[in-house]
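# pasting the structure only:
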Ligand SMILES: NC(=O)c1ccc[n+]([C@@H]2O[C@H](COP(=O)([O-])OP(=O)(O)OC[C@H]3O[C@@H](n4cnc5c(N)ncnc54)[C@H](OP(=O)(O)O)[C@@H]3O)[C@@H](O)[C@H]2O)c1
């Protein structure tokens, strides 16, 4: 049964995404990421997800490229059978459209495949993972051969994303790793504006221009790699070894990772950060 020490995580609603016939889902501010290096799910990950649910995490982030959708699906089914959550509606699940599926006729099959792996009837948020497409269908390898890259046709792919929301396969849609310019172009033709832009953001990579743009357009920023993706080939130690964060952590009797979360959710170091969601692994 659910533990008595469950933490309640505050929620945000993206502005501008609710209409008279669609209510945008609330997004828990702190999410649990499932991208590991090397990629792939495991029993350890399943146990970690179950433990996270016991602690109060309700927001989980996956993607076909991470190869963790099945593992998350198993953990959700187990959390339900153990009574850690009352219903699937208690969770906020994000998955993504990988670049090999970023072609208008591959979007619907891709989200259906995601739902099958997650054992769910709907997800809460579906994101275009990267603003590029890969030629070859079924190419989930990472890293990929750069000769495979082609331009993503945003207008037709976004229309297919909108269709996923209209069909009820996802409660909301958004993008990831988009610049202001790409977002601006997308907004011109979008009937449903993106609810979220999931991007790398942390105290040493604050992305002021993008934050201001998204704030103005009502697009919620979802921050990934808040600890600088320490331990991955593309990550950095600059957050975890940041002297200012270490000083604050020591003064408050917290770890650097805890301090980063607190600083990111307040305005001490980074203005306007209160309006973003943080994705931790
Ligand atoms: N949309 C995208 O393109 C995209 C890209 C990247 C990530 N994401 C999402 O965002 C999530 C988080 O990003 P991330 O994994 O790159 O970044 P992160 O949270 O910045 O870094 C994760 C690493 O930080 C360390 N860590 C975690 N908790 C810690 C703690 N309490 N104290 C000390 N170290 C700690 C761990 O490293 P050690 O294991 O070495 O200790 C862990 O592997 C991913 O799982 C994924 O869901 C999305």
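Good, I have the coordinates. Only a predicted model underlies this, so the values are computations on that prediction, with no experimental measurement involved.
# Give me the residues contacting stretch 105-120.
With contacts defined as CB atoms under 8 Å, 6 or more residues apart in numbering, stretch 105-120 is touched by 62, 64, 69-70, 72-74, 76-77, 88, 93, 95, 97-98, 100-101, 121-123, 126, 137, 157, 160-161, 163-164, 167, 169-170. C-beta: built from backbone N, CA, C; applies to glycine.
# Please type out the ChimeraX selection for whichever of those residues turn out to be buried.
Buried residues within the contacts of stretch 105-120, by 16 or more other CB atoms under 10 Å, are selected in ChimeraX with:
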select :62,64,69,70,72,73,74,76,88,93,95,97,98,100,101,122,123,126,157,160,161,163,164,169,170
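# For the ligand, give me its nearest residue in the stretch 1-150 of the chain.
Nearest residue of the stretch 1-150 of the chain to the ligand, counting by CB to the nearest ligand atom: residue 33, 2.1 Å away.
# That residue contacts residue 280, doesn't it?
Yes. Using CB atoms under 8 Å, residue 33 is in contact with residue 280, at 6.1 Å.
# Which helix or strand contains residue 117?
Element membership for residue 117, per DSSP states H and E: helix 107-118.
# what's the spacing between that helix and its chain's center?
The chain centre lies 17 Å from the centre of helix 107-118; the measure is CA atoms, centre = their mean, to the nearest Å.
# Which strands and helices lie in contact with the helix or strand following it?
Later in the chain than helix 107-118, the nearest helix or strand by DSSP H and E is strand 125-128. Here strand 125-128 touches strand 92-97, helix 154-166, strand 173-176, strand 196-200, going by 3 or more CB pairs under 8 Å, 6 or more residues apart in numbering; DSSP states H and E.
# Residue 104 versus residue 5, what's the distance?
For residue 5, the distance to residue 104 equals 47 Å [CB to CB, to the nearest Å].
# Show me which of these two is the more surrounded one.
Shown here are residue 5 and residue 104; by other CB atoms under 10 Å, residue 104 has more neighbours (15 against 8).
# what's near enough to touch the more buried one?
Contacts for residue 104 (CB under 8 Å, 6+ apart) come out as 153, 156, 157, 159, 160.
# Quick check, the residue in the stretch 101-250 of the chain closest to the ligand?
When distances are taken as CB to the nearest ligand atom, the stretch 101-250 of the chain reaches nearest to the ligand at residue 231, 2.9 Å away.
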